[in-house]
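In: need the 3D shape of this:
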Amino acid sequence: MVSMQSFFSFPAGEKFKTREMKAQVEDQLLSRSYGRDCCIIAMGAGR
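Out: Below is the predicted model of the structure:
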């Protein structure tokens, strides 16, 4: 089993919750060969 770790971040706020931002995150994941067998842990500071 290969262990891959990456950190992705993007600006906080409702104005960044867009389809374009989602596509950017997906592009970053795909460029690093992340697939369906990978786990994503998301953390945020909801206000």
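
In: when you work out contacts or count neighbours from here on, use the C-alpha atoms and nothing else.
Out: OK.

In: now the helices for this structure?
Out: Assigned by DSSP state H, the helices in the chain fall at 19-31.

In: where does the prediction get shaky in it?
Out: Residues of the chain that meet the criterion pLDDT under 70 lie in 1-4, 46-47.

In: swap the cut-off to 80 and go again
Out: 1-5, 44-47 (pLDDT under 80).

In: contacts only, for the residue nearest the centre of it.
Out: With distances taken as C-alpha atoms, centre = their mean, the residue of the chain nearest its centroid is residue 25 (4.6 Å). By C-alpha atoms under 8 Å, 6 or more residues apart in numbering, the residues touching residue 25 are residue 8.

In: could you report the neighbour count for residue 45?
Out: Residue 45: 5 surrounding residues under other C-alpha atoms under 10 Å.

In: from here on, count from 105
Out: Noted, 105 is the first residue going forward, which turns the last one into residue 149.

In: where's it relative to residue 134, distance?
Out: 26 Å (C-alpha to C-alpha, to the nearest Å).

In: now residue 111
Out: Residue 111 is 14 Å from residue 134, by C-alpha to C-alpha.

In: okay, the two: which has more neighbours?
Out: Between residue 111 and residue 134, counted using other C-alpha under 10 Å, residue 134 has the larger neighbour count: 11 against 5.

In: sounds good, over and out.
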